[in-house]
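Q: predicted structure and sequence below. I'll ask about it afterward.
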Amino acid sequence: MFIAMGSVIAGLVLLAGAGEVFVRSAITVASRLNISPMAIGLTIVAFGTSLPELMVSLQAVTSGQSDIAVGNVVGSNIANVLLVLGAAAVISPFVCDLQTIRRDGAFMIGATLFLVGISFLGDVPRSFGIGMLLILGIIVFVQVRSGDEPEVEDVEHVLPGGLILNVPLMIIALGGVVWGADLLIIGAVDIATFIGVSEAVIGLTVVAVGTSLPELVVSIIAALRGHAAVAVGNVIGSNIFNILLILGAAAAIGPLSISAEIAGRDIWVMLASSAVMLYFLRSGAFLSRREGLIALGLYLCYNLYLFNTIS
């Protein structure tokens, strides 16, 4: 049991630390190659902050633990909206661009509704996984073609040194993320087996929060520095990538199964939490401290309910 707990803690630390280093080194490489800020935000940053979820889910699928793979994505999206944005708003209430919220929020809700629809199938065939990856490609293309410049000050994330330093650093950080995901999966499965908690619940809680740590850290720092677009865009973009990239890739190498437990409860919680957060942001895209506290309270109640169902 203690070995399993140590494995989970080590995995969480590696995922958070290596994920952050990967994003920063990737942004630095992109800036040295004169890639536009839009391309950085929509590709490298979005992929980088979703990298822990991707590695955990792929590890879980290849190990035959689909509940952890799906629970990780669903739980991470719930945590991103209620925990990450809620904590950011409590620390520093913020205003964000309403047009961006409406467009990207619509993409997020659309991806969530797509997942709700395919959850009725129970098993996600490979053809659907490939289709999800294609849909993500279309969304990224539409966003890039829109010509909007993200309100992200990438210079804050640029590391010292040039390509010679940052390319190896990016590769090493990616290896750290893969290793952290493996440690987290091994420890989480062992703990679930020991205390009788289902893999779905572990994926929805411990694994989900662990893989959302990069989003949590980035969004809190962004809120403290007054960069609302970083916090909101980070969460919305990550949620889109989580569904279409991670579950799409998992199903493509799967097959991927969605348990009745997750399909009947947690996917609907994910949809409701996303809708609630967009409702909070409807008026001038302002997220108040009171709304942040409500979001945190809802997330606490959700987790208490999950663990209460196993007691």
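A: Perfect, thanks for sending it. Small disclaimer: the values here were computed from a predicted structure and weren't measured.
Q: the residue nearest to V167 when sequence neighbours are not counted: what's it in contact with?
A: Closest residue in space to V167, ignoring its immediate chain neighbours: V29 at 6.0 Å, by C-beta to C-beta, 6 or more residues apart in numbering. Backbone N, C-alpha and C define where each C-beta goes, glycine included. Applying C-beta atoms under 8 Å, 6 or more residues apart in numbering to V29 gives the contacts 163, 166-167, 170.
Q: please pick the buried ones from the residues you listed.
A: The neighbour-count criterion (16 or more other C-beta atoms under 10 Å) marks 166-167, 170 among the contacts of V29 as buried.
Q: buried set for the host helix or strand of G176?
A: Element membership for G176 (DSSP states H and E) is helix 163-195. Counting neighbours by 16+ other C-beta under 10 Å, one finds that the buried residues in helix 163-195 are 166-167, 169-170, 173-174, 176-192.
Q: L163 touches R32, doesn't it?
A: Yes. Taking contacts as C-beta atoms under 8 Å, L163 lies within contact range of R32: 5.4 Å.
Q: the strands in the stretch 151-300 of the chain, which residues?
A: Along the stretch 151-300 of the chain, counting by DSSP state E, counting those that start in this stretch, strands occupy 256-257, 286-287.
Q: okay if I get these as CSV plus mean neighbour count and distance to V70?
A: Compiled in CSV, the strands of the stretch 151-300 of the chain are given as follows (neighbours: other C-beta atoms under 10 Å; distance: least, C-beta to C-beta, whole Å):
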stretch, mean neighbour count, distance to V70
strand 256-257, 21, 7
strand 286-287, 21, 28
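Q: out of those, nearest to I130?
A: strand 256-257 (12.1 Å; C-beta to C-beta).
Q: quick one: list the elements packing against the closest one.
A: helix 66-78, strand 123-124 (3 or more C-beta pairs under 8 Å, 6 or more residues apart in numbering; DSSP states H and E).
Q: out of those, which is closest to L224?
A: The closest approach between L224 and any of these, judged by C-beta to C-beta, belongs to helix 66-78 at 22.5 Å.
Q: for L15, state which of the buried ones among the contacts of V29 is nearest.
A: The closest of these, once distances to L15 are taken by C-beta to C-beta, is M170, at 15.8 Å.
Q: residue contacts, that closest one?
A: For M170, the contact set (C-beta under 8 Å, 6+ apart) comprises 22, 25-26, 29.
Q: just I253 next, same as before
A: Counting by C-beta under 8 Å, 6+ apart, I253 makes contact with 58, 61-62, 126, 129.
Q: got the angle for the strand or helix carrying V8 vs helix 163-195?
A: Taking DSSP H and E as the criterion, the element that holds V8 is helix 2-32. With axes from the mean of the first three to the mean of the last three C-alpha atoms, to 10 degrees as the basis, helix 2-32 and helix 163-195 are set at 150 degrees to each other.
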